[in-house]
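Enquirer: what's the 3D shape of this:
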Amino acid sequence: MITKLSTYITDNTIPYRNLAVEEYLTLHTEPGECILFLWQNRRTVVIGKNQNCWKECKVNYLEEDGGYLVRRLSGGGAVFHDMGNLNFTFCIRKEDYDVDRQLDVILQAARLMGLDAQKTGRNDVTIEGRKFSGNAFYETGDFCYHHGTLLLDVNKEDMSRYLNVSREKLQSKGVDSVRSRVANLIEFYPEITVKLMQEKMVQAFGMVYRLDPQPLADDRIDWEDVQKKEDRFGSWEWKYGRKIPFQYSASSRFAWGDVELQFQVDGGIVKSVNAFSDGMNPKLVSALPAVWEGCRYEEKALLEALDQVSGDGQKAMEITGGIELEQQMKQDICTLLKECL
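Expert: Numbers count the residues shown, from 1 in each chain. Coordinates of the predicted model:
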C-alpha cells in the first residue's frame with residue numbers, strides 16, 4: 001500500500017546521468033513509497049535494452065550533430081528526446097506496482113489543462129488518436145519502474161532524421177520499434193511549458209494517490225554510486241556491445257565501378273566481411289575484409305582501417321590516365337560506409 005509520495009525533479013540534461021539516477025532511485029525506493037522522477041535529455045535517441053541501435057537510428061548522424069545514443073534498462077522501442085520533451089519515471093516496489101494507476105497520473109495531468117487524454121493499446125497515451133506519451137517498464141527483484149515520454153514541443157524534423165531511417169538491408173535479431181502517429185501537446189495547448197507540465201504532473205500525482213507529494217531529500221542519493229552507473233550507461237560496451245547479431249549489406253555504383261559490402265556483426269564487433277566490385281582496382285576492395293574483421297562497427301574505427309588499405313594504386317593510375325583512382329575509391333567507399341552506420 002502506498003503511504004508516501006516523493007518527487008525528484010532534475011535540471012541535468014546529460015542522458016547517462018539521468019538513467020543512472022533513475023536506476024538508483026528505483027533500487028532505493030522504500031516500502032510503501034512511490035517516487036516520481038521528472039527529467040529531460042538534450043538531443044538523444046534512447047533505445048530499448050534488446051534493440052539494434054543501427055537499425056533503430058542513424059547513429060553517425062546523431063553523433064555528428066552532438067547527440068547521444070542511450071540504451072536503457074527497459075524494453076520497448078526507440079524514442080527521441082530533446083528539450084521539448086519531459087520524461088517521467090515512477091519508481092515503486094513490486095507489491096505496489098499498478099500500471100493503470102500510474103497512467104492515471106498522466107491522464108489526470110493532461111485533464112488539468114482541459115485536454116481529453118486517453119490510454120490506448122498497451123502503453124500509449126493519446127489525444128484525438130495521436131500519441132503524445134509512450135511508456136516502458138522494468139523490473140528487478142522487488143523493485144520496478146515505469147517510465148516514458150511526454151511530448152510537449154519536440155522537434156519532429158530531428159525525430160524523423162534520427163529515427164525514421166529505412167534499413168531494409170539490415171537483418172537483426174533485435175526488437176524492432178513500432179512507429180505511431182505522434183503529436184506535441186503544444187498543438188492542443190499552446191500555453192504549455194516544461195515547468196507547467198512538471199507542476200501538473202506533481203499535482204496529478206497527489207490527486208491520484210490521495211497523498212501529499214514531498215521533494216526527495218538530496219542526501220538520500222549516493223552520488224558515487226550514481227557515477228558508477230553513469231559510467232556504465234555511457235560505455236561503448238553497454239551502448240553498442242550487446243550480443244545482438246545482425247547482417248547488413250550496402251551497395252552502390254560509382255564512376256570506377258560497382259561495389260557491395262556485406263557485414264556480419266555481433267556484440268558491436270565485425271565478425272566477417274564480404275566485399276565485391278567490378279572496378280579496375282580489385283586489390284583495394286579485396287583487402288577490405290582483412291582490415292575490417294575484428295573492428296568495432298563504428299565509423300571512426302572502420303574509416304581508420306580503410307585508410308590503411310593499399311591497392312593497385314600505380315596500376316590504376318596508369319589505366320585511367322593518371323587519375324588518382326585509389327584515393328577516389330576510398331572516398332566513395334567512405335560514403336557507402338556512412339550509409340551502413
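Enquirer: so which helix or strand takes in the most centrally placed residue in the chain?
Expert: Geometric centre of the chain, nearest residue: V46, 2.2 Å, by CA atoms, centre = their mean. Per DSSP states H and E, V46 falls inside strand 44-47.
Enquirer: Work out the sheet partners of that strand and label each with its direction, please.
Expert: strand 68-71 (parallel), strand 79-81 (antiparallel) (DSSP bridges).
Enquirer: ok, the residue nearest to the centre of the chain - contacts?
Expert: With contacts defined as CB atoms under 8 Å, 6 or more residues apart in numbering, V46 is in contact with P15, V70, R71, R72, A78, V79, F80, H81. To be clear about C-beta, it is placed using only N, CA and C from the backbone, and glycine gets the same treatment.
Enquirer: looking at this, T335 is in a helix?
Expert: Yes. The assignment for T335 is a helix, going by DSSP: H, G, I helix; E, B strand; the rest coil.
Enquirer: Now for it: which residues touch it?
Expert: Contacts of T335 by CB under 8 Å, 6+ apart are S252.
Enquirer: excluding its backbone neighbours, what's nearest M113?
Expert: Y189 (5.2 Å; CB to CB, 6 or more residues apart in numbering).
Enquirer: still on that earlier bit, bridging residues for the residue nearest to the centre of the chain?
Expert: As assigned using DSSP bridges, the partners bridged with V46 are V70, V79.
Enquirer: which stretches of the stretch 151-300 of the chain aren't confidently modelled?
Expert: 164-180, 278-282 (pLDDT under 70).
Enquirer: Where do the strands of it begin and end?
Expert: 170-172, 214-215, 246-254, 257-266, 269-277 (DSSP state E, counting those that start in this stretch).
Enquirer: Please work out which of those is packed deepest.
Expert: A comparison of the strands of the stretch 151-300 of the chain by mean neighbour count, using mean count of other CB atoms under 10 Å, puts strand 257-266 on top with a mean of 19.
Enquirer: Tell me which other helices or strands it touches.
Expert: strand 246-254, strand 269-277, helix 325-340 (3 or more CB pairs under 8 Å, 6 or more residues apart in numbering; DSSP states H and E).
Enquirer: can you do 6 Å?
Expert: Secondary-structure packing of strand 257-266 (3 or more CB pairs under 6 Å, 6 or more residues apart in numbering; DSSP states H and E): strand 246-254, strand 269-277.
Enquirer: Distance to G134 for these - can I get that in a markdown table?
Expert: Below are these laid out as a markdown table (distance: least, CB to CB, whole Å):
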| stretch | distance to G134 |
| --- | --- |
| strand 246-254 | 24 |
| strand 269-277 | 31 |
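Enquirer: what sits up against stretch 94-113?
Expert: Taking contacts as CB atoms under 6 Å, 6 or more residues apart in numbering, the residues outside stretch 94-113 that touch it are 2, 90, 117, 119, 125, 133, 142, 144, 146, 189, 200-201, 204-205, 207-208.
Enquirer: Next secondary structure element downstream of whichever strand or helix holds F88?
Expert: For F88, the element it lies in under DSSP H and E is strand 85-93. Toward the C-terminus, strand 85-93 is succeeded by helix 99-111 as the next helix or strand (DSSP H and E).
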